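In: Provide a 3D model corresponding to the input given below.
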Amino acid sequence: MTTLSYNSKTTYSGTGRRKTSIARVKLTPGSGKLTINGLPGESYLQFSPNYLRVSCSPLKLLGLRNEYDIHVKTEGGGLTGQADAIRLGLARALCRINPENRSTLKSEGFLTRDSRVKERKKYGLRKARKAPQYSKR
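Out: Okay, here's the model as predicted:
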């Protein structure tokens with residue numbers, strides 16, 4: 001949430017959430033390396049071009065793809081939720097770097113938290129809304 005300085009390298013952080021996933025993103029000036037939970041980003045996201053594109057889209061939009069190293073700690077949910085959480089955390093961190101980035105990221109929808117979560121199961125039903133089959137006799 002704040003700007004930290006380790007060994008004269010400035011670090012910018014942001015937190016992203018989606019479904020039950022939480023991603024803590026740290027940006028440091030570097031060569032554009034993505035590290036998620038200690039693994040290379042491509043490996044963690046199973047080399048899926050869609051997940052890689054989604055998670056790095058704020059950097060690509062601003063043209064900063066090879067300017068910052070991204071270090072992510074993520075937990076909960078699946079890869080889709082984690083990729084979207086990384087995107088939100090990355091966008092928030094980029095707003096800390098330069099407040100002028102905010103309008104560009106906001107117009108693309110990168111700063112909006114997707115609040116859809118799974119609805120809980122209710123008693124007497126098979127799932128959240130699915131009822132047992134009706135029997136007349």
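In: and the nearest residue to residue 122 once chain neighbours are set aside, how many neighbours does it have?
Out: Once flanking residues are discounted, residue 122 sits nearest to residue 128: 6.5 Å by C-beta to C-beta, 6 or more residues apart in numbering. Every residue, glycine included, has its C-beta placed from N, CA and C. By the measure other C-beta atoms under 10 Å, the count of residues near residue 128 is 10.
In: with the one 3 residues further on instead?
Out: Close neighbours of residue 131, defined as other C-beta under 10 Å, add up to 10.
In: where exactly do the strands run in the protein?
Out: Along the chain, counting by DSSP state E, strands occupy 4-6, 9-18, 21-29, 34-36, 39-40, 68-75.
In: can you say which of these is nearest to residue 117?
Out: strand 9-18 (9.0 Å; C-beta to C-beta).
In: what pairs with the closest one, parallel or antiparallel?
Out: Using DSSP bridges, the strands paired with strand 9-18 in its sheet are strand 4-6 (antiparallel), strand 21-29 (antiparallel).
In: circling back: quick one, what contacts the residue nearest to residue 122?
Out: The contact partners of residue 128, by C-beta atoms under 8 Å, 6 or more residues apart in numbering, come to 118-122.
In: got these as CSV, with pLDDT, distance to residue 21 and neighbour count columns?
Out: Below are these laid out as CSV (pLDDT from 0 to 100; distance: C-beta to C-beta, whole Å; neighbours: other C-beta atoms under 10 Å):
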residue, pLDDT, distance to residue 21, neighbour count
118, 93, 12, 9
119, 95, 17, 9
120, 96, 18, 7
121, 96, 21, 12
122, 97, 25, 12
